[in-house]
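Enquirer: need a structure here:
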Amino acid sequence: MMLWTEPQGPRGDFGPIGRSTRNASNPSTTRPEEITISEIRRLVVIGGDYANATCLAIHTYAGHATFKPGLPDREDHAIIYTGDREPSEQSILAEDGTMIVEELRRDSIRVISEREDPNGFLHPASRINYSKIYIVEKDAKVLNIGKVHNDSMGSLTRKLPIQPRSVGTPSSRKRKKNRKKTSYVARQGVDHTEKQNATHGRDKTE
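Expert: The predicted structure follows:
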């Protein structure tokens with residue numbers, strides 16, 4: 001879990017009633033007159049090297065899940081959740097009265113929370129997006145949330161958009177070659193030690 005800043009997206013970031021589908025966004029203007037958005041973002045670390053972590057993002061899209069207006073690549077999302085019980089897919093009522101369900105094709109991903117506070121739990125509308133890779137420098141501050149359950153590791157790593165290298169320093173990669181994969185969840189805005197716990201060693205969720 002970390003503070004993430006990026007250029008503001010198109011108007012598709014807003015729902016039909018004008019509500020932002022981003023989480024706690026804080027717009028600011030930079031040069032050359034570009035509007036950027038800062039928000040707390042949860043990430044799943046899937047690999048990396050000694051300097052960077054390769055991640056996938058978790059979004060709720062302001063509770064819309066994959067029904068966010070204008071969302072591309074819906075088929076590249078999956079439910080990601082904490083706790084023992086997998087949440088149900090979202091559904092909406094169409095104008096003709098038909099109930100439409102998400103019908104996600106990818107397996108759901110279970111996360112084992114390592115925190116007791118609210119930051120350690122994922123919203124039922126949380127979806128992991130496989131269509132976009134994020135690169136996070138390992139000196140960034142993050143908050144470790146937890147790790148992906150062993151039973152979900154196969155689903156997480158299947159058909160990734162890239163095949164990332166294992167996380168570790170050049171000298172340690174060979175030693176870690178046969179180690180069991182794990183995956184963690186984290187957030188930016190805390191001390192460097194917690195960040196290292198979230199981004200070093202294996203696949204993680206931030």
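Enquirer: tell me what the longest strand seen in the chain is packed against?
Expert: Counting residues, the longest strand in the chain under DSSP state E turns out to be strand 34-48. On a contact count with 3 or more C-beta pairs under 8 Å, 6 or more residues apart in numbering; DSSP states H and E, strand 34-48 meets strand 2-7, strand 26-30, strand 52-59, strand 127-137, helix 153-157, strand 183-186, helix 192-199, strand 204-205. Bear in mind the C-beta positions are built from the backbone N, C-alpha and C, glycine included.
Enquirer: next, the angle from that strand to strand 127-137.
Expert: 90 degrees (axes from the mean of the first three to the mean of the last three C-alpha atoms, to 10 degrees).
Enquirer: how about strand 34-48: buried residues?
Expert: Using 16 or more other C-beta atoms under 10 Å as the burial criterion, the residues of strand 34-48 that qualify are 37, 39-48.
Enquirer: out of these, who's nearest residue 88?
Expert: residue 42 (20.4 Å; C-beta to C-beta).
Enquirer: and the nearest residue to that closest one once chain neighbours are set aside, what is it in contact with?
Expert: Excluding the flanking residues, the one nearest residue 42 by C-beta to C-beta, 6 or more residues apart in numbering is residue 58, at 4.0 Å. Each residue near residue 58 by C-beta atoms under 8 Å, 6 or more residues apart in numbering is listed here: 41-44, 80, 122, 126-129, 185, 205.
Enquirer: if you set the cut-off to 6 Å instead, what comes out?
Expert: 42, 80, 126, 128 (C-beta atoms under 6 Å, 6 or more residues apart in numbering).
Enquirer: and residue 90, by the same measure?
Expert: 65, 67, 102.
Enquirer: picking that back up, between the helices and strands packed on strand 34-48, which gets the lowest average pLDDT?
Expert: Ranked on mean pLDDT, the bottom entry among the helices and strands packed on strand 34-48 is helix 192-199, at a mean of 38.
Enquirer: how near is residue 131 to residue 88?
Expert: According to C-beta to C-beta, to the nearest Å, residue 131 and residue 88 sit 23 Å apart.
Enquirer: kindly report the same for residue 113.
Expert: Distance from residue 113 to residue 88, by C-beta to C-beta: 20 Å.
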